[in-house]
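Undergrad: Based on what follows, work out the 3D shape:
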Amino acid sequence: MVRLICYNIEYCEGIAGKWYQYLEFWKTLHAPKQLKEEIVRALKIMNPDILALVEIDTGSLRTNGVDEVKFISSGLKMNNFIEKVKYPIQGWLRLFHYIPILDKQANAVISKYKFSNVRYHIFHEGTKRMVIEVTINCPKPVTLLIAHLALGGKTRGEQIKELIKIVNRIKNPVMLMGDFNTFNGEEEIVELLKKTHLNDRIALDKEDLHLTEPAWHPCRRLDYILTSSRIKIKHYSVLKFPFSDHLPLMVDFDLD
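TA: Okay, here's the model as predicted:
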């Protein structure tokens with residue numbers, strides 16, 4: 001059995017989604033000092049084998065130069081990790097790589113298992129265009145895709161069309177996950193599920209609301225873990241973590 005957690009940690013700024021917290025602009029420049037430690041302690045209890053992180057800071061002035069990916073990886077004693085800034089280095093968005101804080105905004109994968117075939121896909125539309133693809137042998141190979149989709153519905157729709165093509169080119173069992181920003185509801189991913197071999201297994205969670213944002217009072221589902229039929233999901237849950245405006249998702253799975 002393999003345990004995976006997918007979590008948008010909002011750069012460890014400690015905003016649970018209450019409206020007034022977004023007025024605490026200082027957190028953009030100075031993240032709460034102890035929050036990283038609190039997140040690591042909570043994750044240790046859950047004991048994940050794979051951790052997919054959205055909105056993580058890789059060492060800007062907000063974290064006093066601390067790479068949150070390396071910090072969490074070390075704290076969990078998980079030796080394999082990759083991190084990638086969300087903005088491409090082509091076109092006007094390459095300017096983000098020269099702007100403090102923005103140049104360290106990334107997504108990441110941390111794992112007890114070794115990586116192979118790491119690739120990066122770049123959406124043609126949107127700001128957060130980077131999609132991480134990585135194959136993990138646990139012990140059979142499974143390919144993970146981590147994405148953070150656009151806030152705008154039209155752009156998000158175009159990105160989903162690109163995800164369909166990416167998924168259908170992969171021969172391994174696939175797990176597609178991340179913050180999809182589906183503000184218009186789950187109907188936004190209907191085409192994705194229909195045109196790929198992916199399934200949404202959140203109905204296996206009989207205890208929790210199937211909602212992930214805002215964390216203090218969830219009313220929307222923005223976060224997903226979608227899986228190939230060859231991946232057998234044994235357990236699916238929405239974790240009640242108070243450290244971000246998103247709640248993390250956790251799945252236990254086996255491979256055929």
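
Undergrad: from here on, contacts and neighbour counts on C-alpha atoms
TA: Will do.

Undergrad: Tell me how many other residues crowd residue 184.
TA: Neighbourhood size, residue 184 [other CA atoms under 10 Å]: 11.

Undergrad: and residue 69, what element?
TA: Element membership for residue 69, per DSSP states H and E: helix 68-75.

Undergrad: tell me what that helix is packed against?
TA: Applying 3 or more CA pairs under 8 Å, 6 or more residues apart in numbering; DSSP states H and E, one finds that helix 68-75 contacts helix 35-46, strand 50-57, strand 80-85, strand 105-111.

Undergrad: Would you reformat the ones you listed as JSON lines and include distance to residue 29 and mean neighbour count?
TA: Below are those laid out as JSON lines (distance: least, CA to CA, whole Å; neighbours: other CA atoms under 10 Å):
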{"stretch": "helix 35-46", "distance to residue 29": "14", "mean neighbour count": "15"}
{"stretch": "strand 50-57", "distance to residue 29": "11", "mean neighbour count": "24"}
{"stretch": "strand 80-85", "distance to residue 29": "18", "mean neighbour count": "19"}
{"stretch": "strand 105-111", "distance to residue 29": "13", "mean neighbour count": "24"}
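
Undergrad: mind giving me JSON lines with those and columns for distance to residue 253?
TA: What follows is the helices and strands packed on helix 68-75, written out as JSON lines (distance: least, CA to CA, whole Å):
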{"stretch": "helix 35-46", "distance to residue 253": "15"}
{"stretch": "strand 50-57", "distance to residue 253": "11"}
{"stretch": "strand 80-85", "distance to residue 253": "20"}
{"stretch": "strand 105-111", "distance to residue 253": "15"}
